[in-house]
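Visitor: Quick one: sequence and predicted model below, then my questions.
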Amino acid sequence: MAKGMFVDTSICTGCKACQVACKEWNGLEAEPDHFTQGPGAPYPVASNFTGNSYDNTGKLSARDWRHVLFIEQINSRRTASRWLFMSDSCKHCTDAACLNVCPVEAIERTDLGNVIVRQDKCVGTKLCNKACPYGVVRYSEKTRTSHKCTLCNDRIHNNMGTACSKSCPTGSIQFGEVSELKTKADSRLAQLRKLGENKANLYGYSEAGGLKVFYLLMENPAVYGLPENPVVQQRRKLSLINKGGAQLSAFLMGMVALIRFRERGGRKEPGAEPGAGE
Ligand code: SF4
Ligand code: SF4
């Protein structure tokens, strides 16, 4: 049975406990300090801020496998405002472009449906980085391999759930069987619609073959930077290249064999019968 997560953004408070738990469990590097004080300087100076609300990481990266997005909405008369939050990560797509394009099959799907990058097999081509329609998987100069959320592969194979869902104080991130999570999501959407939240919608039921990590959004997906129709690159495209490459190399090998055969035939080998090979 496929495991996944339902992210209900309507009850996310932007506390970033999930972001911290992810870093802690997976041993990911900390962010650079946000204040630096040079030797002899009277006070520290601000540095390494994104300049976007309370967002201090900006995007997903090789060392940030979870990112809490802050969206500030202010009306034109500046009389009302609201925050939208979305705790983002790898979506563990059913049709995963990253997995499709990897030429050395370093990206695998486990028996629980999550998609992982095998660090022992990755050769750092970055093809997955370009193929992911969500900008999730990222290359690290330090390891010369690509990295992303594993859906806490070690934890979920030991019935522990994901670190982010365990740490979320509001229940915004729920881990479990995808089919059961969808039932919960449907009922939450119906509840919100009854409360007049007409823009509330579910994202991830059909995109990229269905996302194992899917979202209840309070605005259109584009507001959160999510593509309405993500394009999923297929292995088939790479296979054709491979197939073409195999045909080309077979053709070249055939040509080399023919030339060698003709060279041997044209040369009078010692002891050869006169006329042989002519
Ligand atoms: S979101 Fe991107 S990195 Fe994650 S499984 Fe889908 S294609 Fe791969
Ligand atoms: S821990 Fe939960 S409430 Fe806090 S930012 Fe993450 S998803 Fe939102």
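Guide: Looks like it arrived, so ask away. Ligands and ions are numbered 1, 2, ... in the order given.
Visitor: mind checking how far Asp154 is from Met160?
Guide: Look at Asp154 and Met160: by Cβ to Cβ, to the nearest Å, they are 8 Å apart. C-beta coordinates here come from the backbone N, C-alpha and C atoms, glycine included.
Visitor: Okay, now the unreliable bits of this protein?
Guide: Applying pLDDT under 70 to the chain flags residues 236-278.
Visitor: hey, where'd the helices end up in the stretch 101-250 of the chain?
Guide: 127-131, 153-156, 163-167, 178-194, 235-266 (DSSP state H, counting those that start in this stretch).
Visitor: Report all helices and strands that the first one contacts.
Guide: Just to be clear, that refers to helix 127-131. Counting contacts by 3 or more Cβ pairs under 8 Å, 6 or more residues apart in numbering; DSSP states H and E, helix 127-131 is packed against helix 97-101.
Visitor: Contacts made by the helix it packs on with the rest, please.
Guide: 107-109, 115, 117, 127-128, 130-133, 136-137, 148, 208, 232-235, 237-238 (Cβ atoms under 8 Å, 6 or more residues apart in numbering).
Visitor: and those residues near ligand 1, which?
Guide: Filtering these for neighbours of ligand 1 using Cβ under 6 Å from any ligand atom leaves 115, 132, 136-137, 148, 208.
Visitor: possible to save these as TSV with neighbour count?
Guide: Formatted as TSV, those follow (neighbours: other Cβ atoms under 10 Å):
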residue	neighbour count
Val115	25
Cys132	26
Val136	27
Val137	29
Lys148	24
Ala208	22
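Visitor: Residue of the stretch 101-250 of the chain closest to ligand 1, please.
Guide: As assessed by Cβ to the nearest ligand atom, ligand 1 sits closest to Cys132 within the stretch 101-250 of the chain, at 3.2 Å.
Visitor: that older thread, and the ones next to ligand 1 among the contacts of helix 97-101, which is closest to ligand 2?
Guide: Nearest to ligand 2 among those: Val136, at 16.9 Å, using Cβ to the nearest ligand atom.
Visitor: Can you pull the residues of the stretch 101-250 of the chain lying near ligand 2?
Guide: 167-168, 170, 172-173.
Visitor: Of those, which count as buried by neighbour count?
Guide: 167-168, 172-173 (16 or more other Cβ atoms under 10 Å).
Visitor: Can you pick out the most distant pair from the residues you listed?
Guide: Ser167 and Ser172 (10.7 Å; Cβ to Cβ).
Visitor: how about Pro42, secondary structure?
Guide: Recorded secondary structure, Pro42: coil (DSSP: H, G, I helix; E, B strand; the rest coil).
Visitor: and it, how many residues sit next to it?
Guide: Residues within reach of Pro42, counting by other Cβ atoms under 10 Å, total 6.
Visitor: And for Lys184?
Guide: 14.
Visitor: In which helix or strand does the nearest residue to it once chain neighbours are set aside reside?
Guide: In this structure, Lys184 finds its nearest non-sequential neighbour in Phe6, 6.1 Å apart by Cβ to Cβ, 6 or more residues apart in numbering. Assigned by DSSP states H and E, Phe6 falls within strand 3-8.
Visitor: can you check Met86 too?
Guide: Met86 is part of strand 81-88, with elements assigned from DSSP H and E.
Visitor: in its sheet, what does that strand sit against?
Guide: strand 67-74 (antiparallel) (DSSP bridges).
Visitor: does ligand 2 sit close to the strand it pairs with?
Guide: Yes. If you take Cβ under 6 Å from any ligand atom as the test, strand 67-74 does meet ligand 2, through Val68.
Visitor: check whether that strand contacts ligand 1.
Guide: No. Figure legend: strand 67-74 not in contact with ligand 1 (Cβ under 6 Å from any ligand atom); closest approach 12.7 Å.
Visitor: ok, back up a step: check which helices and strands the strand holding Phe6 is in contact with.
Guide: So strand 3-8, by 3+ Cβ pairs under 8 Å, 6+ apart, packs with strand 173-177, helix 178-194, strand 213-217.
Visitor: Please identify the deepest-packed of the ones you listed.
Guide: When the helices and strands packed on strand 3-8 are scored by mean count of other Cβ atoms under 10 Å, the highest mean neighbour count falls to strand 213-217 (a mean of 24).
Visitor: Check the gap between Asn48 and ligand 2 for me.
Guide: 20 Å (Cβ to the nearest ligand atom, to the nearest Å).
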